[in-house]
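Visitor: Sequence and predicted structure, then a few things I'm wondering about:
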Amino acid sequence: MGLKLAVANLVAIAKAENIDNSYVRRMVNLTTLAPDIQAGIWDKPFPDNVSLSNVAVDLVLSWKQQRGRIV
């Protein structure tokens, strides 16, 4: 199991991991993806015109709108 760190915010995570703050924010955004989209990430690839990075940027909270971006 990995080392557990107590951090105050996403910037602190980025500093602790020595990675870019924007990358941390994009990855955290992925936690708000609709459950079926999350499952699809594991079960099958996205259509050629959609990348996981694109999905993580400017993520909308509405699961219906998220699904509309992927189809």
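Guide: Ah, there it is.

Visitor: For stretch 23-36, list every residue counted as buried.
Guide: Using 16 or more other Cβ atoms under 10 Å as the test for burial, stretch 23-36 gives 24, 25, 26, 33, 34. (Each C-beta comes from the backbone N, C-alpha and C, glycine too.)

Visitor: The third one against residue 56, yeah?
Guide: Read that as residue 26. Yes - using Cβ atoms under 8 Å, residue 26 is in contact with residue 56, at 4.0 Å.

Visitor: surely residue 56 meets residue 27?
Guide: Yes - between residue 56 and residue 27 there is a contact under Cβ under 8 Å: 6.9 Å.

Visitor: Least confident secondary structure element in the protein?
Guide: helix 52-56 (a mean of 74; mean pLDDT, DSSP states H and E).

Visitor: what's that helix packed up against?
Guide: Using 3 or more Cβ pairs under 8 Å, 6 or more residues apart in numbering; DSSP states H and E, the elements in contact with helix 52-56 are helix 21-29, helix 63-70.

Visitor: let's go with 10 Å and repeat that
Guide: helix 21-29, helix 35-43, helix 63-70 (3 or more Cβ pairs under 10 Å, 6 or more residues apart in numbering; DSSP states H and E).
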